[in-house]
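Enquirer: sequence-free structure coming up:
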């Protein structure tokens, strides 16, 4: 009987060297330190991302809870202040939803002397996704982990992000290559924290608890949890239904138990899906929706968190 | 990596293998896998579910066996039976974790190794159907699972989507994956397709409507049906109850029963 928990983690000092590593197919890779960031690479990334003031990573253990939807709205919300420069990086290599949600389907990436240009949806809101590198909506990116990691590194190293107030990173579900890589590569700079998305039911929460553990394991601060799809109010009779029932107390109970902040709850609204499909910003399309005020409150809390935890940049001379 | 097949393997007794895929997360792959297994069980079939979602294993809880452990026998790992009848058996990484909240933070190669073991080393015995539930995407788990299943009777793929374009967009890519891997598509399920308010019966298309059906038409694959959002279904999954047995009058039941019937029909078509 194997004990999965004995794996020391591919980025730990014990990687490849612990007793549990014997016989693991990853052992040589881990022991050679291949999983650890190369110092020269780290310098390169630090240089490239030196203009980024705040980084927020949007995570969930669970798929389909609204990470991309939230990332897109967070980006729009922060970019509403025209004085701020916002960047949205989509590292979901297999299922890149961001281009569609931002109304940028069909756009391509252009190269300049200083690297890849993000695709700009507003003057102060730039986006990067593998979606822009695919020529057809039917193209599948059938890549194993190492190749995905390579592209993520390129996104950070080769994109000319410029001066950015907020870099938002949208991730695929899970706790695997993409997540390890983004934490590793961004360790060269600084991640303000993670926003974790869930829906109320236990089937989601059980995955989200793992994600919270992942954050602890890799020392990624947690800004807080967002409970999405939290109730539905029938447009006709105005009664509320719990389509995804919080049978174990929802995100509220989980946050209490694990001592992480609950940033807010967002109800279901059919307009959200419609806006995403049309590539429009839901907050502008449905300003009166209760979901809009929930999102806006949450975005504000994230902004406050970033401003309070303003990191003193250490210039290594 | 040398792989040779002994004459009798752990999958020799499995009559049909079904793969449940989606490009998109959270559309209901595990839900459909679970309800399909329950429906097939009610038609008298012996069913196994192999859950290859290593980061987010949902299957154990959906059968209320999340606290069970896996035991070894001479031929390998004994799957977890959900009840005395032994008509549904499961394998998932969920059973191997010391603590349920432990994160499985593995890169591709380690995931691939476990998937190979899951395919080769579970002593399923005789099964009418083995349903393989997958995580979203087109990456390590999917490539490894398909490669490991190549020598066996992979009957086909069920693709699950929700109606909206963002979901369909990912499932289109999954269709390409299936084509490239030479997989037969049994059909597309459009899940979370409409919500009927239990108070006033007004139907709201919370996640839009029709995208799955359109995709099936566009891609020339069978459309297996629309499954509506159903709080009783969500509740059953939360509590690990048998929705097919307990809620035959519920709104999702007809669609789920129909999908199971179509799968059974496709089996008899194949053998005739």
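Expert: Nice, I can see it. Nothing here was measured: the structure is a model prediction, and the numbers come from that model.

Enquirer: going along the chain, name the strands of the stretch 51-200 of chain B.
Expert: Per DSSP state E, counting those that start in this stretch, the stretch 51-200 of chain B carries strands over the ranges B:71-73, B:76-78, B:80-81, B:88-92, B:127-133, B:154-161, B:185-190, B:195-196.

Enquirer: which parts of the stretch 201-317 of chain A sit against chain B?
Expert: Contact residues (C-beta under 8 Å from any C-beta of the partner chain) of the stretch 201-317 of chain A with chain B: A:201-203, A:206-207, A:209-214, A:217-218, A:232, A:234-237, A:239, A:241-245, A:247-248, A:268, A:270, A:273-274, A:276-277. Where C-beta positions appear, they are placed from N, C-alpha and C, glycine not excepted.

Enquirer: tell me who's in contact with the residue lying farthest from the centre of chain B.
Expert: Relative to the centre of chain B, the most outlying C-alpha is that of residue B:200, 32.9 Å out, by C-alpha atoms, centre = their mean. Counting by C-beta atoms under 8 Å, 6 or more residues apart in numbering or on different chains, residue B:200 touches A:234, A:236-237, A:239.

Enquirer: if you set the cut-off to 6 Å instead, what comes out?
Expert: Each residue near residue B:200 by C-beta atoms under 6 Å, 6 or more residues apart in numbering or on different chains is listed here: A:236-237.

Enquirer: so it versus residue A:243, what's the distance?
Expert: From residue B:200 across to residue A:243, the span is 15 Å (C-beta to C-beta, to the nearest Å).

Enquirer: do residue B:168 as well
Expert: 21 Å.

Enquirer: more neighbours: these two, which one.
Expert: For residue B:168 versus residue A:243, the count of surrounding residues by other C-beta atoms under 10 Å in any protein chain shown is larger for residue B:168: 24 against 21.

Enquirer: could you report the neighbour count for the nearest residue to that one once chain neighbours are set aside?
Expert: The spatial neighbour of residue B:168 that comes closest, neighbours along the chain excluded (C-beta to C-beta, 6 or more residues apart in numbering or on different chains), is residue B:211 at 4.2 Å. Neighbourhood size, residue B:211 [other C-beta under 10 Å]: 23.

Enquirer: stretch B:245-255: which residues count as buried?
Expert: Within stretch B:245-255, the residues scored as buried using 16 or more other C-beta atoms under 10 Å in any protein chain shown are B:247, B:250-253, B:255.

Enquirer: return the nearest residue of the stretch 101-250 of chain B with respect to chain A.
Expert: Relative to chain A, the nearest point of the stretch 101-250 of chain B is residue B:108 (3.0 Å; C-beta to the nearest C-beta).

Enquirer: count the residues that sit near that residue.
Expert: 23.

Enquirer: ok, now which ones touch it?
Expert: A:144-145, A:177, B:140 are the contacts of residue B:108 under C-beta under 6 Å, 6+ apart.

Enquirer: separation between it and residue A:20?
Expert: As judged by C-beta to C-beta, residue B:108 and residue A:20 stand 18 Å apart.

Enquirer: over to residue A:293?
Expert: 48 Å.

Enquirer: for the stretch 51-200 of chain B, which segments are assigned as helices?
Expert: Taking DSSP state H, counting those that start in this stretch as the criterion, the stretch 51-200 of chain B carries its helices at B:59-62, B:108-121, B:140-149, B:165-180.

Enquirer: the second one to strand B:88-92, inter-axis angle?
Expert: It refers to helix B:108-121. Angle between the axes of helix B:108-121 and strand B:88-92 is 150 degrees (criterion: axes from the mean of the first three to the mean of the last three C-alpha atoms, to 10 degrees).

Enquirer: avg pLDDT for stretch B:84-92?
Expert: Mean pLDDT, computed over stretch B:84-92, is 95.

Enquirer: what residues of it count as buried?
Expert: Buried residues in stretch B:84-92, defined by neighbour count with 16+ other C-beta under 10 Å: B:87-92.

Enquirer: distance to chain A added to those residues, as JSON lines?
Expert: Output for the buried residues of stretch B:84-92, formatted as JSON lines (distance: C-beta to the nearest C-beta, whole Å):
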{"residue": "B:87", "distance to chain A": "23"}
{"residue": "B:88", "distance to chain A": "18"}
{"residue": "B:89", "distance to chain A": "18"}
{"residue": "B:90", "distance to chain A": "15"}
{"residue": "B:91", "distance to chain A": "13"}
{"residue": "B:92", "distance to chain A": "12"}
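
Enquirer: where does residue A:120 fall, secondary structure wise?
Expert: According to DSSP states H and E, residue A:120 maps onto strand A:119-122.

Enquirer: confidence-wise, which helix or strand of chain A is lowest on average?
Expert: When each helix and strand of chain A is scored by mean pLDDT, DSSP states H and E, helix A:27-31 comes last, with a mean of 66.

Enquirer: so which bits of the longest helix along chain B are buried?
Expert: The longest helix of chain B (DSSP state H) is helix B:253-271. Buried positions in helix B:253-271, judged by neighbour count with 16+ other C-beta under 10 Å: B:253, B:255-257, B:259-260, B:262-264, B:266-267.

Enquirer: same list, those, but as a markdown table with pLDDT and distance to chain A please.
Expert: Listed next are the buried residues of helix B:253-271 as a markdown table, based on pLDDT from 0 to 100; distance: C-beta to the nearest C-beta, whole Å:
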| residue | pLDDT | distance to chain A |
| --- | --- | --- |
| B:253 | 96 | 17 |
| B:255 | 96 | 16 |
| B:256 | 96 | 17 |
| B:257 | 96 | 21 |
| B:259 | 96 | 20 |
| B:260 | 96 | 21 |
| B:262 | 95 | 24 |
| B:263 | 94 | 23 |
| B:264 | 94 | 27 |
| B:266 | 88 | 24 |
| B:267 | 82 | 28 |
